[in-house]
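Q: sequence first, predicted coordinates after that:
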Amino acid sequence: MNVLILGSGGREHAFTRSIAASPILKQLYVAPGNAGTAKQATNIDISVTDFAAIKTKVLELDINLVVVGPEAPLVEGIYDFFQRDEQLADVSVIGPSQQGAVLEGSKEFAKKFMVRHNIPTAAYESFTKENLKAGMEFIDRLTPPYVLKADGLAGGKGVLIIDNAAEAKESLEAMLVGGKFGDASNKVVIEEFLDGIEMSVFVMTDGNSYKILPTAKDYKRIGEGDTGLNTGGMGAISPVPFADEDLMEKIENRIIKPTVAGLQQEKITYKGFIFIGLMIVSGEPYVIEYNVRMGDPETEVVLPRISSDLLEHLSAFAKAELHLQKLTIDDRSAATVMLVSGGYPEAYDKGAVITGIDEVKDSIMFHAGTAQKEDKIITAGGRVIAVTSYGSTYDEAVKKSYENIAKLHFDRMYYRTDIGFDL
Ligand code: AMP
Ligand code: GLY
């Protein structure tokens, strides 16, 4: 079968590597891809949200299956675009319908969905500028810290955690009235602060049955010890060592089952990945957020631990036959460390030459912001390369990534040296 992957990050390179290994693959394309995907597939220079251009390429290249990496095309309705088009209706799109993508596109929608299906989550209320005053009063009734979330997509920056009530009220006003996050903060969810440890579970569903993929934990802040600005993610490990059988059983029964059943009951078409961000409070799991795609860099540790044929699994979605597939997981741990451009997540330079790539033998390099320039690979984004390794423990895997990172270089290269520090 011919496959198109949409996206250009480390996540999409990880999909490329797994799918390229499938015996049922004929041709593999990535749009727009990066210098890493170009080595295992053919890059196509089109945007992930240019549906008309995607259609043209899908027909021209006889694509049978499209894996959607980032959320933007899903929130803009790529699944429905294919379904509605006579020429594209037979092409399998791995991702939810536009209605399903609202689980990520609107925090309030996600909270209401959880409440309807009795899925444990932090208590909350939502506010618009019309009831700003009620929002301020709600803050007065909560105990600090205060969690304020822009309802819409804000590039991972829309969540504020504030210790002081006066400051929280100021921020609420800035969001609702001052347009702090543009239209994304026309509505704000204020919720109870959950004090615990975070982890993520990933589920793939064909809308009928589901499979639980390996767990992962990511490190979002730029600085050591989880300090400084939020980033897309600076590293990840899998599996999460504290996610024992007992906790996984709670997560499956209280969260995964009601989520998949809730989608079915509400007739929300969903044939894709569900990324569930969790907070574990005294051994009890609560949902912090849903994402309607895989995580980045979590995918760079989750997919390398799947030893069965990912493309076989995905191709079973079309006929809702995922239940017939056998998912096998590699027992080893995996860790990834993200190399970023100096300055990221604020302003950074592009175009630095990356050296040492050919010297890395026992780690996997998933390219993110890289590009080919003549015979050189150069930086082309904030997050540049995710270096993934296996080990008998996460610690061993992390160490191996650091050993190999020592061989890599580009001007102003930065990475965190403490991935897994809190475990
Ligand atoms: P989100 O964008 O929803 O992933 O939120 C960003 C981060 O804010 C999460 O990864 C958590 O660390 C934190 N967070 C979100 N909601 C809560 C909450 N109710 N209690 C404590 N921390 C939270
Ligand atoms: N690493 C977090 C995310 O992909 O949303």
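A: Arrived safely. Ligands and ions are numbered 1, 2, ... in the order given.
Q: only C-alpha atoms from now on, for both contacts and neighbour counts.
A: Will do.
Q: distance of the residue in the chain that ligand 2 sits nearest to relative to residue 142?
A: Residue nearest to ligand 2 within the chain (CA to the nearest ligand atom): residue 295, separated by 3.3 Å. Distance, residue 295 to residue 142, using CA to CA, to the nearest Å: 31 Å.
Q: which of the two has more neighbours?
A: Each of residue 295 and residue 142 has its neighbours counted (other CA atoms under 10 Å); residue 295 has more, 25 against 15.
Q: element containing the more buried one?
A: Residue 295 is located outside every helix and strand, with elements delineated by DSSP states H and E.
Q: tell me the contacts of it?
A: Residues counted as contacts of residue 295 (CA atoms under 8 Å, 6 or more residues apart in numbering) are 11, 275.
Q: relative to ligand 1, how far out is it?
A: Separation of residue 295 from ligand 1 (CA to the nearest ligand atom, to the nearest Å): 11 Å.
Q: now residue 211
A: Counting by CA to the nearest ligand atom, the gap from residue 211 to ligand 1 is 22 Å.
Q: please apply the same query to residue 125.
A: In terms of CA to the nearest ligand atom, residue 125 sits 12 Å off from ligand 1.
Q: next one: residue 215
A: Distance, residue 215 to ligand 1, using CA to the nearest ligand atom: 15 Å.
Q: tell me the pLDDT at the residue of the chain closest to ligand 2?
A: The model reports residue 295 with a pLDDT of 97.
Q: quick check: it vs residue 42, distance?
A: Relative to residue 42, and taking CA to CA, residue 295 is found at 23 Å.
Q: just residue 261 next, same as before
A: Per CA to CA, residue 261 is found 38 Å from residue 42.
Q: can you pull the contacts of the residue of the stretch 1-150 of the chain found nearest ligand 1?
A: Nearest residue of the stretch 1-150 of the chain to ligand 1 (CA to the nearest ligand atom) works out as residue 122 at 5.4 Å. Applying CA under 8 Å, 6+ apart to residue 122 gives the contacts 191, 192, 193, 194, 286, 287, 288.
Q: one more: residue 278?
A: Counted by CA under 8 Å, 6+ apart, residue 278 has contacts 198, 199, 200, 201, 285, 286, 287, 288, 289.
Q: same question, residue 192
A: Shown in contact with residue 192 (CA under 8 Å, 6+ apart): 122, 123, 124, 142, 146, 147.
Q: counting neighbours, what do you get for the third one?
A: Meaning residue 124. Considering only other CA under 10 Å, residue 124 is surrounded by 16 other residues.
Q: what sits closest to it if chain neighbours are left out?
A: residue 191 (4.1 Å; CA to CA, 6 or more residues apart in numbering).
Q: now that neighbour. Its backbone dihedrals?
A: Main-chain dihedrals, residue 191, degrees, to the nearest 10: phi -140, psi 160.
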